[in-house]
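here is a sequence with its predicted model. Questions after.
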Protein chains: 2
Amino acid sequence: MKERTAEILCVGTELLMGNTVNTNAAFLGRELALLGLNLYHQTVVGDNPARLREALMLALSRADVVIATGGLGPTYDDLTKETIADCFGLPLELHEESLRAIRERFERMGRTCTMNNNKQALLPKGCTVLPNPNGTAPGCAIYGQGELAGKLAVMLPGPPREMQPMFTDHVAPLLRRESETRLVSRCLYFFGIGESALEQRLHDLMANGQNPTVAPYCKTGEVMLRVTARVGEGQDEEALLGPTLDAIRDQVGEYLYGVDVDSLEHALVAALGERGLTVAAAESVTGGLVAKRITDIPGSSGVFHCGVVSYSNDQKQALLGVSPDTLGEYSAVSAQTAREMAAGIRRVSGADIGVATTGNAGPDASEGKPVGLVYAAVDSPWHSRVLELRLDRGDQDQRETIREMAASHALHLALEACAKQPPSR
Amino acid sequence: MKERTAEILCVGTELLMGNTVNTNAAFLGRELALLGLNLYHQTVVGDNPARLREALMLALSRADVVIATGGLGPTYDDLTKETIADCFGLPLELHEESLRAIRERFERMGRTCTMNNNKQALLPKGCTVLPNPNGTAPGCAIYGQGELAGKLAVMLPGPPREMQPMFTDHVAPLLRRESETRLVSRCLYFFGIGESALEQRLHDLMANGQNPTVAPYCKTGEVMLRVTARVGEGQDEEALLGPTLDAIRDQVGEYLYGVDVDSLEHALVAALGERGLTVAAAESVTGGLVAKRITDIPGSSGVFHCGVVSYSNDQKQALLGVSPDTLGEYSAVSAQTAREMAAGIRRVSGADIGVATTGNAGPDASEGKPVGLVYAAVDSPWHSRVLELRLDRGDQDQRETIREMAASHALHLALEACAKQPPSR
């Protein structure tokens, strides 16, 4: 099976100086990996022809396909096309169709097409032109000759909203035509187990580097495992992936909350929707983050009833009906208060499931409650639970982490309540 | 003045494969530029010792300072330290203090420190250790000897929340010590004016490239201008910065909401605190984001009363007292509803200032209200206002942007109300 290697070369001083975050590299990395190309290097250079030429020749020396982004614009420092065409020994020629498209675009926008915009219609002789319906600069693909035989260089515009559709509509089909294998993957989402603990349990699976491969990705309090198989002509992807997925479930299935679900909030909104359930949130320590994360998901309005952020004791009593005795005896940061908040928001909202958070996110201990002490609660007719969490990790700036973790626990409790709903209901 | 060149080398297969967007490179690019170092290349390689070695040697051949991120973790594929130490001809040694810090961290979290975590306390012999109060892996700096004399390699952990403070607290001072000038800067925060409009008005100031320099940074709906002066021995920073700051205020002062304030929510919490005022939020389209952003700020509990997220009409009536007639006649997405929500949350909470949002964040038009139509309102005894906003930008995935923008407008309205408070109160 012929393996091909791709390399990403991003051009732009704004990327070097950090004025723009390089989301193009991430997009292209994902897409190229999915197309089955190997990726070993990614390079950023500024708008400087000498350094661009050097970086391009290095990339062509180690990869079959080089995808360059940026530097196709109309201004004097946009030199990607000129430089790359020169490396391939090709002159630039006016591409009439692109010139027409650029002029029409300017007309539609009621703007004048200045001379330097014409520069964008100059393309390497004999290239494959990649039209740009979302901007002025067309992209292009060059197949190398002579010393560069077998090499492919693709030039794409820098703005993501122009680059991404151009890649999807024109470059991916072109690369797919030349490929004999494809990559398929499943993403497994875990909560409640750290990366190193998970790796220890799955060490053999992750270290062998076989087909499929297993790779972990962390975000606050969560681990995602991507299982990727390279599928050849006539091979069955389920048969390739199945044994590895089963082995993972055997080892750490108790922490798995979903496959290809994206996030806890996506999983929760989907689980609620499937069961026709609704949720409401009463938040103290998370200050609106639970509600925010649920309502991030399009379509959440069908399953999310309402949220109350009650920072003060008065509001916990007035809006949620937490008893003054509970607050007096156990304080606001207690399992009892969390339980009453969850029950209270369920009563106030009429939702099937109520979740609540209370705790101390810091920076300082408060009323004898240490930083990181958090209670998360869920209440429903069939399942209630309170968790006591110690989220202090001794970090300098851990307020955000504590709040993020507290919200994740609340979302996870709600997801657990969905799963526990008796089938008879 | 001796010019120095730095190069950024990010290590991680997750960066190559696009599972993680490389925000570290952007952060380091900005910071290194501010420290006055030249930046010409940025490279990403996977967790592969041979390619890492090759990339490191290439970087050391063209730069004085190489900053590497990632691959310092406990697992078998974290090999940055081993590889770089080997390139510098240094063995790894156990660093007792780091081992103690790692163990203490695990104890605090009530978790067991496994053997693979000890690996993180192995550091190149003679290196400068960079402590990591936000994670387990310490960083380190190596000054080259022999062929690598004059070269500095710095290794930082990959997670941004560990890497950024380590750079700021330890690496920047180290780089600054070797410099003959220092850079001072002021960050000016603007809301309600786009980057290109701001650039047009300040074109001469921004284009001249003199001392001080003026550089814009965008985030959703906001622009920050960083004014940076290079200050030599015996020069006065105020005298260098003053004329430029004055010129900016002259041109675009009406959009300026703060200097060195970090964000709208920081500015709001500070303004409320100074005046002894409180705020409460009633949110529909922003779904908790206004409350979340205010409570992100340490100390916000003193100024933030409470928030209500009312996604449904029932909850707008029940929790906020919005009149059914208003909802019936004008619908939930209307100036009238926004106004009643702001007044309602103020009444319910007893806060001095109430803010509210209602609108349609998409993905689809709803009840005749187009995607991006948002109303933001503020209510206080001395100042009330409703804004009608059109936040549709025609992008494919703009839900997050619309919600972020809507929340920013609500925060800005509250800030405006603070500023308008009559002095007699």
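Yes, it's here.

how about the helices in the stretch 1-150 of chain A?
A:13-16, A:23-34, A:49-62, A:80-87, A:96-108, A:115-118 (DSSP state H, counting those that start in this stretch).

looking at those helices, which is nearest to A:Tyr255?
Nearest of these to A:Tyr255, taken as Cβ to Cβ: helix A:23-34 at 25.0 Å. Every C-beta, even on glycine, is put in place using the N, C-alpha and C of the backbone.

buried stuff in that closest one?
For helix A:23-34, burial by neighbour count (16 or more other Cβ atoms under 10 Å in any protein chain shown) applies to A:23-29, A:31-34.

and that helix, how far out from the chain's middle?
Helix A:23-34 has its C-alpha centroid displaced from the chain centroid by 11 Å (Cα atoms, centre = their mean, to the nearest Å).

what's the answer for stretch A:67-80, then?
Centre to centre, stretch against its chain (Cα atoms, centre = their mean), the figure for stretch A:67-80 is 27 Å.

would you put the C-alpha positions of it in CSV?
Coordinates of the C-alpha atoms in stretch A:67-80 are reproduced here as CSV (Å, rounded to 0.1, in the frame of the first residue of the first chain):
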residue,chain,number,x,y,z
ILE,A,67,-0.1,22.6,1.1
ALA,A,68,0.7,26.3,1.4
THR,A,69,-1.7,28.8,2.8
GLY,A,70,-1.6,32.6,2.7
GLY,A,71,0.2,35.2,0.7
LEU,A,72,-2.1,35.1,-2.3
GLY,A,73,-3.5,38.5,-1.8
PRO,A,74,-3.2,41.7,-3.8
THR,A,75,-0.6,43.5,-1.9
TYR,A,76,3.1,43.9,-2.5
ASP,A,77,4.1,41.5,0.3
ASP,A,78,1.9,38.6,-1.0
LEU,A,79,4.5,36.6,-2.7
THR,A,80,3.6,32.9,-2.2
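
where does chain A have its least confident helix or strand?
helix A:115-118 (a mean of 73; mean pLDDT, DSSP states H and E).

can you list contacts of that one?
A:74-76, A:94, A:99, A:102, A:106, A:136 (Cβ atoms under 8 Å, 6 or more residues apart in numbering or on different chains).

hmm, stretch A:221-237 in reach of chain B?
Yes - between stretch A:221-237 and chain B, judged by Cβ under 8 Å from any Cβ of the partner chain, the touching residues are A:Arg226.

just grab the bridge partners of A:Ser366 for me.
With DSSP bridges as the criterion, A:Ser366 is bridged to A:Lys369.

my read: it touches A:Gly359, true?
No - under the criterion of Cβ atoms under 8 Å, A:Ser366 is not in contact with A:Gly359, lying 9.8 Å apart.

neighbour-wise, which of these two wins?
Neighbour totals were compared for A:Ser366 and A:Gly359, and A:Gly359 leads with 29 against 17 (other Cβ atoms under 10 Å in any protein chain shown).

give me the beta-bridge partners of that one?
Under the criterion used (DSSP bridges), A:Gly359 bridges to A:Val374.

for it, what are its contacts?
Applying Cβ under 8 Å, 6+ apart, the residues near A:Gly359 are A:284-285, A:333, A:369, A:372-375, A:389, A:391, A:402, A:406.

let me see the domain layout of chain A.
Domain assignment for chain A, taken from automatic domain parsing, gives A:5-177, A:182-259, A:264-420.

ends of the last one, what's the gap?
To tie it back to what came earlier, the one meant is domain A:264-420. 16 Å (Cα to Cα, to the nearest Å).

from the chain's centroid, how far away is that domain?
The answer for domain A:264-420 is 25 Å, by Cα atoms, centre = their mean.

returning to what we had before: worst average pLDDT in the helices of the stretch 1-150 of chain A?
Lowest mean pLDDT within the helices of the stretch 1-150 of chain A: helix A:115-118, at a mean of 73.

how about the residues of the stretch 151-300 of chain A near chain B?
Residues of the stretch 151-300 of chain A lying near chain B (Cβ under 8 Å from any Cβ): A:161, A:194-197, A:199-200, A:203, A:207, A:215, A:217-218, A:226, A:281, A:283, A:286-292, A:294-296, A:298, A:300.

those, buried ones only, as a PyMOL selection?
Of those, the buried ones go into a single PyMOL selection, burial set by 16+ other Cβ under 10 Å:
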select buried, chain A and resi 194+195+196+197+199+215+217+218+226+281+283+286+287+288+289+290+291+292+294+295+296+300
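
in stretch A:56-73, what counts as buried?
A:56, A:58-60, A:63-73.

the stretch 201-350 of chain A: strands as residue ranges?
A:213-219, A:222-232, A:256-259, A:279-283, A:304-310 (DSSP state E, counting those that start in this stretch).

how about the residue nearest to the spatial centre of chain A, phi and psi?
Geometric centre of chain A, nearest residue: A:Asp262, 7.9 Å, by Cα atoms, centre = their mean. A:Asp262 has phi and psi values of phi 80, psi -50 when expressed as degrees, to the nearest 10.

neighbours of the residue nearest to A:Asp77 when sequence neighbours are not counted, how many?
Leaving out its chain neighbours, the residue that sits closest to A:Asp77 by Cβ to Cβ, 6 or more residues apart in numbering or on different chains is A:Asp47, at 4.3 Å. Using other Cβ under 10 Å, the number of residues around A:Asp47 comes to 22.

can you list residues touching both of A:Ser366 and A:Gly359?
Joint contacts of A:Ser366 and A:Gly359 (Cβ under 8 Å, 6+ apart) are A:Val333.

separation between the residue of chain A positioned farthest from its centre and A:Asn360?
Distance from the C-alpha centroid of chain A, by Cα atoms, centre = their mean, peaks at A:Asp325 (45.0 Å). Distance from A:Asp325 to A:Asn360, counting by Cβ to Cβ, to the nearest Å: 22 Å.
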